[in-house]
Each structure stands twice: as structure tokens, then as C-alpha cells.
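Visitor: Show me how the following folds:
(one chain, ligands or ions: 1)
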Amino acid sequence: MATIGILALQGDFAAHAGAIRRAGGRPMEVRTAAELAAVDGLIIPGGESTTMLKLMDYYGMFEPLREFGRDKPVFGTCAGAILLATEVMNPSQASLALLDMAVERNAYGRQLDSRVAMLSGHQLGGDEELEAVFIRAPIIRRVGDGGVILASYQSTPVLVDFGRHLVATFHPELSADQRVHSLFLEKVRP
Ligand code: GLN
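Guide: Coordinates of the predicted model:
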């Protein structure tokens with residue numbers, strides 16, 4: 001069984017553990033480089049990307065995370081997606097820069113402008129619509145080579161497959177549907 005690390009510096013890491021268990025993986029909270037070395041794939045959860053960046057720096061996790069992503073699968077949701085993008089706007093900030101895409105933070109407006117959308121026309125398999133919970137979400141403004149758009153909302157990509165890696169601008173861990181976590185598990189080999 002694959003061990004899926006969940007970066008637990010800040011944000012909604014706890015909900016991902018349940019989603020990974022339901023999809024058939026073994027979750028493990030990751031806060032140190034030693035813990036990171038023990039996992040087969042990593043989820044960077046939603047939260048506040050600026051705060052997470054500061055904590056990564058404080059705990060010496062920035063470089064270990066970059067190195068991990070060079071050969072192991074990483075799944076970023078919401079703030080996690082921001083941290084993986086090569087280009088961050090509104091405002092611009094540092095990132096792990098593992099995925100060639102541009103994201104605009106808080107692009108749907110303020111805190112109250114969070115929403116649940118039912119997505120159709122996705123590439124996840126099955127006819128059922130995909131529930132997407134957006135919380136102060138970013139918008140992906142550009143997807144570089146190697147990115148395959150699996151789901152869109154209001155004509156912008158919200159779930160993108162980058163081969164080894166995966167990003168979602170919404171929070172699949174807050175929905176009962178486990179297709180997105182299952183897709184990530186398929187990328188991870190123990
Ligand atoms: N607004 C947050 C940020 O810019 C992301 C929100 C989330 O992860 N739900 O970092």
C-alpha cells in the first residue's frame with residue numbers, strides 16, 4: 001500500500017487523511033525532511049500559501065520539497081497548487097516552481113466568494129458530475145506543456161494532470177467523491 005504524505009505545516013491537512021484512506025492509501029502527516037523521505041507521494045493541502053511558505057522556510061523544508069517533486073508525485077490543492085506553480089500573481093510570491101503554469105491568487109474575490117460547483121464534462125471517468133468546493137481559490141491563467149486539463153469551471157482549468165503531478169484549485173478532500181484522490185493514488189507506486 002502506498003504511503004501518502006500530507007504536508008502538515010498549516011491548512012486543512014487533516015481532511016486529506018480521511019480521503020486518502022477512503023481511496024485505499026495510507027496517509028502520513030509530514031513536517032520534517034525525515035518524514036518526507038518516508039513517503040511515496042505527497043499532498044500539499046489548501047490553507048494560506050504565504051503562511052505555508054514562511055513555515056517551509058522556518059522548518060527547512062523548501063529545498064527538500066523541491067527535491068522530492070523532482071522524482072516523486074505531488075498533488076497540490078488550492079494553496080498547494082499556488083505553491084507548485086512556476087508563476088504566481090496577485091501578488092507575485094516565491095514558490096516551489098515544480099509545474100509550468102501561472103496562477104492568480106484569490107481570483108474569485110473575497111472570503112465570502114467561496115462556492116460549491118457541480119462540474120460536468122470532466123475527464124475523470126464516470127458520468128457523475130464532480131463536486132468542487134472553492135475557498136478563496138486561485139484561477140489557473142496558463143497551463144504549460146505537459147499539463148492536461150481534466151476539469152474546468154467557467155472556462156478556466158481547475159484540475160490539471162501534469163503526468164507525475166496533479167493540481168486542483170478546489171478542495172476534493174471536502175467532498176465524498178473520491179475519484180480525484182484515487183487518480184493521485186494511481187500515480188504513486190510504493
Ligand atoms: N487564498 C489562499 C492563498 O492564496 C488559498 C486558499 C485555499 O487554499 N483554500 O494562499
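Visitor: Touching, D100 and G163? I think so.
Guide: No: the pair D100 / G163 is not scored as a contact, 11.3 Å apart, by CB atoms under 8 Å. In this view, the C-beta of every residue, glycine as well, is placed from N, C-alpha and C.
Visitor: Do me a favour and average the pLDDT over stretch 20-30.
Guide: Stretch 20-30 shows a mean pLDDT of 97.
Visitor: Pull the residues that contact it.
Guide: Under the criterion CB atoms under 8 Å, 6 or more residues apart in numbering, residues 1-8, 13, 16-17, 35-36, 38-39, 42-43, 178, 181-182, 184-185, 188 lie in contact with stretch 20-30.
Visitor: out of D100 and G163, which sits in the more crowded spot?
Guide: Using other CB atoms under 10 Å, the more surrounded residue of D100 and G163 is D100, with 16 against 11.
Visitor: backbone phi and psi for the more buried one, please?
Guide: phi -80, psi 90 (degrees, to the nearest 10).
Visitor: Return the residues in contact with the residue nearest in space to the middle of the chain.
Guide: The C-alpha lying nearest the average C-alpha coordinate of the chain belongs to G76 (CA atoms, centre = their mean; 1.5 Å). Residues in contact with G76, defined by CB under 8 Å, 6+ apart, are 43-44, 82-84, 99, 165-168.
Visitor: Dump these into JSON lines; add distance to the ligand as well.
Guide: As requested, the contacts of G76 are exported to JSON lines (distance: CB to the nearest ligand atom, whole Å):
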{"residue": "I43", "distance to the ligand": "12"}
{"residue": "I44", "distance to the ligand": "10"}
{"residue": "I82", "distance to the ligand": "5"}
{"residue": "L83", "distance to the ligand": "8"}
{"residue": "L84", "distance to the ligand": "12"}
{"residue": "L99", "distance to the ligand": "16"}
{"residue": "H165", "distance to the ligand": "17"}
{"residue": "L166", "distance to the ligand": "15"}
{"residue": "V167", "distance to the ligand": "12"}
{"residue": "A168", "distance to the ligand": "10"}
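Visitor: Strands - which of these land there?
Guide: Among these, DSSP state E puts 43-44, 99, 165-168 in strands.
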